[in-house]
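# Sequence first, then the predicted structure:
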Amino acid sequence: MRPDTCRAPGRQVRPSLGFTLVELLVVIGIIAVLISILLPALNRAREQAKTVQCLSNMRQLGAAVQEYATQTNGILIPAEWRNPPTSATGGSGTDAWPVIMVALKLVPFPSSYTEADATRTVFFCPSAIVDLANPGASQDPAYRSDQHGAYLAKWGSAVLQPGVTVYTGYAMNCTTSNSKGNADVPGRRIPLDNDPPNDYNMRKMSQLKDSADLVLLFDGVNLNPLSSPNRINARHNNLRNTNLLFVDGHAATVPTDSLFHDPATTYNLTDDVKSTFASLSSLQKNFPWPHWRTDQ
């Protein structure tokens, strides 16, 4: 008998430490099942974290609005400040609310700001689309989940801090028109379109009743949401929710399809929300909350 085939009485053969092919496939299958179970939960957690960060940013912007009012005897920060004509032939530049906040140092902002800093300020919504070559104001969204409503809007300064550029994923509930129907929208361009150049009809915070229900900023782009409602962007929870900042400084997440639209038509988030202006009667009857007008 060969020596290597002999073993001492009672000595056990050491089992193999390797996996069989079947065992390996079973382990791989278990891992795949666990990933399929955990991945949606991880995605939900990641999306929730973005929503929470967006709400935090909005609250900081709300604090900046309150600080502006403190420094200006209670005046609401303008949606845009239209500067006097810059030449004998007319023409003027505007400084929008993000630029005003930066110029007056109401929010933290890099001293040597470049486009690379666009995602590192309180104006950046983590669920926005970073495509600085296509600013949000360059093309109106066709519907509320349209990605054009999620692009960062680009605002430059004409007078307050020339050379500064601010990218933001938020927009103001405001009007640029001096028509009577728009008089009760909280934010406004100063002066309004077709008003005399020196007609600085500024609104005070004390004029804005029900401040805990009145929308000031929202996930979206550009200005005039009541006449261009697709500028309100469905951005959170798989493009179903919109974050709002209210005049009193608190922020909330709301279902986008609960925000104003034509109540006579079937609507979903991929439909064009057609509206010439959200009338007071329609808002009061069909969309009592949140408020978009001061008289709502």
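Cool, got the structure.
# Return stretch 57-76 as PDB; C-alpha atoms alone will do.
Taking C-alpha atoms only, stretch 57-76 is exported to PDB below (Å, rounded to 0.1, in the frame of the first residue of the first chain):
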ATOM      1  CA  ASN A  57     -31.500  76.300   1.200                       C
ATOM      2  CA  MET A  58     -35.000  77.900   0.800                       C
ATOM      3  CA  ARG A  59     -35.100  78.700   4.500                       C
ATOM      4  CA  GLN A  60     -31.800  80.500   4.300                       C
ATOM      5  CA  LEU A  61     -33.100  82.500   1.400                       C
ATOM      6  CA  GLY A  62     -36.200  83.300   3.500                       C
ATOM      7  CA  ALA A  63     -33.900  84.600   6.200                       C
ATOM      8  CA  ALA A  64     -32.200  86.800   3.600                       C
ATOM      9  CA  VAL A  65     -35.500  88.200   2.600                       C
ATOM     10  CA  GLN A  66     -36.300  89.100   6.200                       C
ATOM     11  CA  GLU A  67     -32.900  90.700   6.600                       C
ATOM     12  CA  TYR A  68     -33.400  92.800   3.500                       C
ATOM     13  CA  ALA A  69     -36.700  94.000   5.000                       C
ATOM     14  CA  THR A  70     -35.000  94.800   8.300                       C
ATOM     15  CA  GLN A  71     -32.400  96.900   6.400                       C
ATOM     16  CA  THR A  72     -35.000  98.700   4.200                       C
ATOM     17  CA  ASN A  73     -37.800  99.700   6.600                       C
ATOM     18  CA  GLY A  74     -39.900  96.600   5.900                       C
ATOM     19  CA  ILE A  75     -39.700  96.500   2.100                       C
ATOM     20  CA  LEU A  76     -39.900  93.200   0.300                       C
END
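# Give me the residues contacting that stretch.
Contacts of stretch 57-76 with the rest of the structure, by Cβ atoms under 8 Å, 6 or more residues apart in numbering, involve 77, 100-101, 104, 106-107, 122-125, 170, 186-187, 202-206, 208, 216-217, 243-251. Where C-beta positions appear, they are placed from N, C-alpha and C, glycine not excepted.
# mean confidence score for the host helix or strand of residue 59?
If you go by DSSP states H and E, residue 59 is part of helix 21-71. What helix 21-71 shows for mean pLDDT is 86.
# Which among the contacts of stretch 57-76 count as buried?
The neighbour count (16 or more other Cβ atoms under 10 Å) marks 77, 100-101, 104, 106-107, 122-125, 170, 186-187, 203, 205, 208, 216-217, 243-249, 251 as buried among those.
# Can you tell me the element the most centrally placed residue in the chain falls in?
Taking Cα atoms, centre = their mean, the centroid of the chain lies closest to residue 219, which sits 2.8 Å from it. Using DSSP H and E, residue 219 maps to strand 215-219.
# Please state the offset of that strand from the chain centre?
Centroid separation for strand 215-219 versus its chain: 8 Å, with Cα atoms, centre = their mean, to the nearest Å.
# hmm, who's touching that strand?
54, 58, 61-62, 65, 125, 127, 149-150, 169-173, 186-187, 225, 232-233, 235-236, 242-247, 290-292.
# ok, residues contacting the helix or strand just after it?
Downstream of strand 215-219, the first helix or strand assigned by DSSP H and E is strand 241-246. Residues outside strand 241-246 that contact it (Cβ under 8 Å, 6+ apart): 51, 54-55, 58-59, 61-62, 125, 144, 170, 211-220, 232-236, 251-256, 259, 290.
# so which helix or strand takes in residue 167?
When elements are assigned from DSSP H and E, residue 167 belongs to strand 165-168.
# any idea of the mean pLDDT for stretch 175-187?
85.
# for it, which positions count as buried?
Buried residues in stretch 175-187, defined by neighbour count with 16+ other Cβ under 10 Å: 175, 176, 177, 178, 181, 182, 183, 185, 186, 187.
# Report the separation between the first one and residue 95.
Read that as residue 175. Going from residue 175 to residue 95 by Cβ to Cβ, to the nearest Å gives 17 Å.
# How about the contacts made by the nearest residue to residue 182 once chain neighbours are set aside?
Distances taken as Cβ to Cβ, 6 or more residues apart in numbering place residue 175 nearest to residue 182, at 3.9 Å, with adjacent residues excluded. Counting by Cβ under 8 Å, 6+ apart, residue 175 makes contact with 79, 182, 185, 187, 188, 189, 192, 223, 224, 226, 227.
# Any figure for the gap between residue 95 and residue 108?
As judged by Cβ to Cβ, residue 95 and residue 108 stand 19 Å apart.
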